[in-house]
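Student: coordinates for the following, if possible.
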Amino acid sequence: MIKLSNMDKWVVIFPLFMAFLAQIASYDTYPFKNRSLLLINCGTEGWDWGNYEGWHWAPDIGYINTGIAKNIQPNINVPGYMNSLRYFPRGVKNCYKVFLNPKYKFLFRAGFYYGNYDGLSKPPTFDLLLDGGFWATVNSSESDRRPIYKEILYSPKGESTSICLVMTHVNEAPFISSLVMAFMYVDNGAKPVYKLMGNNTALHLVSRTFFGGLDKVIR
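Tutor: A predicted model of the protein is given here:
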C-alpha cells in the first residue's frame, strides 16, 4: 500500500473539492443563466434536488414576499415538486416578480395542485395576470387528482415581469404550486420559434396533441 504524505493528500483532494464547488455553482445558477430559464417550486424553502427529468427547482423566496408556504400530502400522480404550494389569504392581488431576458419569447407555465391542503375540501377559483393583463381563470377543482397547468407564450416588455394571482371570490384564497419560464429558442439559440409572432401578442395554449411518436414526450 502506498502511503501519501499530507501534501500529497492535499494535491489529490483539492482538485476534487474544486470540481465539487464548480458543480454546486452550476446548480445554483443554471436557472438564471442569461435569464433564459427559471423553474420555481412554490412554497418550498430550499432547492429541490429531486430528479425530475434532470431538472432542479428553485425556491420562490426572493420572487415574492407575501403568502403562506404549505406542504401537502404526497400523491403518486403528482410530481414531487408539486408537494408544496404558496397560498394567499390576504390581499386581492399578490404578485411574483421575475427577471427575464426581454429579447426572448418565453413559455410561461403555472402549475396548480390543490390536494385539500387547507382541509376544507373547497378548491378555489381565481384569476392569473401577466404583466397586468389577464392570463387565465384557474378552477382548481379540476386538480382533484392531478395537477392542472396554464400556459402562455409571451415576450417580456422590460427587465422585470409580474405574475399575479387575484382573488375573485370571497374566502377563496388563490394558490400556486409551480412556475416555469423557458425561452423559446432551439439549436442553442440559433433559430427562434414562433418567429412570426409579434412581441405585442401572446399565444394561449388551447390543447396539446401527441401524434404517433414512439419516444417519451417531455414538455
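Student: which residues does the closest residue to Phe134 other than its chain neighbours bridge with?
Tutor: Counting by Cβ to Cβ, 6 or more residues apart in numbering, the nearest residue to Phe134 once its immediate chain neighbours are dropped is Asp127, at 6.7 Å. For every residue, glycine as well, the C-beta is placed using N, CA and C. With DSSP bridges applied, the residues forming beta bridges to Asp127 are Thr137, Val166.
Student: now do Lys70
Tutor: Beta-bridge partners, per DSSP bridges, of Lys70: Leu85.
Student: Gly119 is in contact with that one, correct?
Tutor: No - using Cβ atoms under 8 Å, Lys70 makes no contact with Gly119, being 10.9 Å away.
Student: have a look at these two and say which one is more surrounded.
Tutor: Higher neighbour count among Lys70 and Gly119: Lys70, with 15 against 6, using other Cβ atoms under 10 Å.
Student: ok, that one - contacts?
Tutor: 43, 84-87, 117, 175 (Cβ atoms under 8 Å, 6 or more residues apart in numbering).
Student: let's see that with 6 Å instead.
Tutor: 43, 85, 117 (Cβ atoms under 6 Å, 6 or more residues apart in numbering).
Student: now swap in Glu172 and tell me
Tutor: By Cβ under 6 Å, 6+ apart, the neighbours of Glu172 are Pro124.
Student: apply 10 Å and report the result again.
Tutor: Taking Cβ atoms under 10 Å, 6 or more residues apart in numbering, we find Glu172 in contact with 89, 122-126, 140.
Student: equivalent analysis for Asn83, please.
Tutor: 41, 43-44, 48, 50, 71-75, 113, 115, 177.
Student: pLDDT on the helix or strand harbouring Ile40, on average?
Tutor: Assigned by DSSP states H and E, Ile40 belongs to strand 37-41. The average pLDDT within strand 37-41 is 88.
Student: got any ranges where the protein has weak pLDDT?
Tutor: 1-36, 46-55, 185-219 (pLDDT under 70).
Student: what distance do you get for Arg90 to Val180?
Tutor: According to Cβ to Cβ, to the nearest Å, Arg90 and Val180 sit 26 Å apart.
Student: so the helix or strand containing Tyr96 versus strand 37-41, what angle?
Tutor: For Tyr96, the host element (DSSP H and E) is strand 93-98. Orientation check (axes from the mean of the first three to the mean of the last three Cα atoms, to 10 degrees): strand 93-98 against strand 37-41 gives 140 degrees.
Student: ok, then the element right after strand 93-98?
Tutor: That would be, after strand 93-98 and using DSSP H and E, strand 106-112.
Student: compute the first-to-last residue distance for stretch 82-96.
Tutor: Its start and end residues considered, stretch 82-96 measures 17 Å (Cα to Cα, to the nearest Å).
Student: pull out the buried positions in that stretch.
Tutor: Counting neighbours by 16 or more other Cβ atoms under 10 Å, one finds that the buried residues in stretch 82-96 are 82-88, 94-96.
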